[in-house]
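[1] predicted coordinates and the sequence they were generated for:
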Amino acid sequence: MFEQVNRIILPDFYWQEILEHCKRRLAGNYLPGESRARRACGLVAGVQSEHTLNVKRIMPLKKNVRDQEPYKTYMDSVMEQYATPSKTPLSQRGWIADPVELKECCDRCDGNNLIVIGTYHTHIVAWDHDPIRDTPTRLDAVLAQNSNLFSFIVSMVDMTRPIIRAFYEGLTEKEALIGNRDNHPPATN
Amino acid sequence: MPKIIIPSPLRKHADNQREVIVDGENLKGIMERLLQQYPGLEIINRDFALLSIFVNSRLIRTAIEKWDTLTVNNKDEITLIIPIAGG
């Protein structure tokens, strides 16, 4: 459905909403019921018009069940195989959304005639070979395989110059350009 | 017959339908029939080891080997939720 999409309209309002969510969590400000970890992830919902996706809603996710079974065993195994070595221990890397929360989000989308078009998550640690971290890792691509979703990567290595880029199924060669309604890249904040 | 809600990312494998009706008395039979009817959805067996299934609002935590013991009624709604994960 999204293979031919080459453009994503992300109005400034939603761009800011993603960044505010990421900044809040990276600052260690958690809402009641939220998982506590310096990362943020969420869903992006909207509508499709031929080769363009229009973002209509951002749904920040609260819970990360990465350390619960059966997810932990699966994630540990995938991390061991595909994660790029980093100073962050593997046990503290990766996230997986709570299915109950996902169902609530999907129900909300259905109720508003929206479809889930992607997920977003933060990259915050600069790597020697990838100082900006604004593209998906091999691990991101493995976890997004066959999802038919865009992976929105929110680079916050430099908090003063955040970057958001979108890649179909986390594949770097399948990037869709993000613009606002006027077809300009949204302003960084 | 029970109704199955297909998540939007998988609808391309089910003729772009949001919901499909599949005959069956238990979860195992219904899921098998769903995959027969829409072979493209075989992807949920192959790639989504962590697929979540809800019957109405209840998340099924029963092992797949025992799905034939899970009776599903005609008015039940089955929702498939694909895992969402990142690095």
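    Perfect, thanks for sending it. Numbers count the residues shown, from 1 in each chain, chains lettered A, B, ... in the order given.

[2] any idea how far the worst-scoring helix or strand of chain B on mean pLDDT is from the chain center?
    Here the helix or strand of chain B ranked lowest by mean pLDDT, DSSP states H and E is helix B:43-46, holding a mean of 82. Centroid displacement of helix B:43-46 relative to its chain, using Cα atoms, centre = their mean, to the nearest Å, is 11 Å.

[3] which is the next helix or strand following whichever helix in chain A runs longest?
    Taking DSSP state H as the criterion, chain A has its longest helix at helix A:12-26. Later in the chain than helix A:12-26, the nearest helix or strand by DSSP states H and E is strand A:41-49.

[4] that next one - what's its average pLDDT?
    Strand A:41-49 shows an average pLDDT of 96 in the prediction.

[5] what residues sit buried inside that strand?
    Buried residues in strand A:41-49, counted by 16 or more other Cβ atoms under 10 Å in any protein chain shown: A:41-46. Heads up, the C-betas are built off the backbone N, CA and C, glycines and all.

[6] the longest helix belonging to chain B near chain A anywhere?
    When every helix of chain B is counted residue by residue (DSSP H), the longest turns out to be helix B:27-37. No - Helix B:27-37 does not reach chain A (Cβ under 8 Å from any Cβ of the partner chain); its nearest approach is 15.1 Å.

[7] other residues contacting stretch A:69-85?
    A:65-66, A:90-91, A:93-94, A:96, A:127, A:137-139, A:142-143, B:49-50, B:83, B:85, B:87 (Cβ atoms under 8 Å, 6 or more residues apart in numbering or on different chains).

[8] return the members of the residues you listed classed as buried.
    Buried, going by 16+ other Cβ under 10 Å: A:65-66, A:93-94, A:96, A:137, A:139, A:142-143, B:50, B:83, B:85, B:87, out of the contacts of stretch A:69-85.

[9] just the ones of those residues in helices?
    Using DSSP H, those in helices are A:139, A:142-143.

[10] ok, which of those residues also contact chain B?
    Counting by Cβ under 8 Å from any Cβ, the members of these near chain B are A:139, A:143.

[11] want to throw the buried residues of strand A:41-49 into CSV with distance to residue A:25?
    Converted to CSV, the buried residues of strand A:41-49 look like this (distance: Cβ to Cβ, whole Å):
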residue, distance to residue A:25
A:41, 9
A:42, 10
A:43, 15
A:44, 17
A:45, 20
A:46, 23
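
[12] just the pLDDT at residue 75, thanks.
    Since you didn't name a chain, this refers to chain A. Residue A:75 is given a pLDDT of 89.

[13] chain B was what I was after
    pLDDT at residue B:75 comes out at 91.
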